[in-house]
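> Mind looking at a prediction? Sequence and model below.
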Amino acid sequence: MSEPRVLFVTSNRIGDCVISSGVIREIGRQIPGARITVACGRPPAPFFRAAPGVERVIVLDKKKLAGHWLELWKQVVGTRWEMVVDIRGSALSYLVPARRRVVYNRSWETGLRKVEMVSRLMGSETPLDPEIFLDDRARAEAAAVIDPQLTGGAGPGPIIALAPIAHQPGKSWPAERWGQLVDRLMAEPRFAGWRFMPVGGPGDRPPATPALETAGERAIDFVGKGDILASAAAIDRAALFVGNDSGLMHVAAALGRPTLGLFGPTEWWLYGPWGPRTRTVASNETRGEFAPIEDLTVERVFSAVIDLHDAFVDPEKPVQP
């Protein structure tokens, strides 16, 4: 018999792909030896190149009149799939031959954390923890950017990664406050000798500039320096992570980095970073109520970073970058 094949249709967004990444290992548990094809958007596609069991990644570039779905259907209709897992709830899942279909629909939105919702969708009794599948290529790309900056300027030191961008309106803490936060942290004895590393894509330079300029020689610039997996490898070098409600926040949490997520008018109780070493700070801390992210003060974020540091950085064990 031929090896069973599974089609996993996941998101075009980085954060949603991270949240549902536990599906990969669950497929392997449910169907040992499965050969997995992943269909996803272009930005998160590098996540899956080293994922266990994945033999192919199909990039879905959005086209007019849903033409991207037609192109995907043409590529997958000729295969007899053992299972189709579709967290986008697309009609395509019912238009290809498959023994079993696991398809998301809005009835699954019952107020559960998104990781828990996806886990139940897959029939798992325990949460499917998100996972980042780093490879040697991503680590080498990150090192090629970080190591020269660590050996110059202020020299080596623990790294705090910063993600000052979110691509949905209302999710981005004002850029100038990132500079003010870095200024406060540089003056804090706990962060003596630390390096400050903004991370982001090519379009994230403007919101990252205040933090970079404030940090000066203590800055490490990882904005627009690689794809999402290289950025993940850079975050994996950090001792702490602070970022807006964004895909990079979920990346940091999935890597097990102590993570602080900044939230404005979005559901922090549903979309907060997942894991035991994570915290959130929101402009309105009352569940079900919202306030503009501009209401989140530098003092509150600074205090939350200090709490994160004190909870997860052991002063008796110096952090190596």
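Here it is on my side, so go on.
> Walking through this protein, point out its strands one by one.
According to DSSP state E, the chain carries its strands in the segments 5-9, 35-40, 54-59, 81-86, 98-103, 159-163, 195-200, 222-223, 240-244, 259-263, 278-282.
> Let's have the ones you listed in CSV, adding mean neighbour count and distance to Glu125.
Heads up, the C-betas are built off the backbone N, CA and C, glycines and all. Below are those laid out as CSV (neighbours: other CB atoms under 10 Å; distance: least, CB to CB, whole Å):
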stretch, mean neighbour count, distance to Glu125
strand 5-9, 24, 20
strand 35-40, 22, 22
strand 54-59, 16, 25
strand 81-86, 22, 17
strand 98-103, 16, 15
strand 159-163, 28, 33
strand 195-200, 27, 35
strand 222-223, 26, 38
strand 240-244, 27, 30
strand 259-263, 27, 26
strand 278-282, 21, 22
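> and Cys17, which of those strands is closest to it?
Closest approach to Cys17 among the strands of the chain is made by strand 35-40 (6.0 Å; CB to CB).
> Tell me the spacing between Phe290 and Ala233.
Distance, Phe290 to Ala233, by CB to CB, to the nearest Å: 34 Å.
> Looking at these two now, which is surrounded by more residues?
Comparing Phe290 with Ala233 by other CB atoms under 10 Å, the one with more neighbours is Ala233, at 25 against 17.
> show me the residues around the closest residue to the more buried one other than its chain neighbours that make contact.
Among residues not flanking Ala233 along the chain, Ala142 sits closest, at 3.7 Å (CB to CB, 6 or more residues apart in numbering). Counting by CB atoms under 8 Å, 6 or more residues apart in numbering, Ala142 makes contact with Phe222, Gly226, Ala230, Ser231, Ala233, Ala234, Asp236, Arg237.
> Leaving out the residues flanking it, which one is nearest to the one residue sitting closest to the centre of the chain?
With distances taken as CA atoms, centre = their mean, Val251 lies nearest the centre of the chain, 2.8 Å away. The spatial neighbour of Val251 that comes closest, neighbours along the chain excluded (CB to CB, 6+ apart), is Ala232 at 4.9 Å.
> What of Pro44?
Using CB to CB, 6+ apart and skipping the chain neighbours, the partner closest in space to Pro44 is Cys17 (3.9 Å).
> number of nearby residues for that neighbour?
Neighbours around Cys17, by other CB under 10 Å: 26.
> From Phe8, how far off is it?
Separation of Cys17 from Phe8 (CB to CB): 10 Å.
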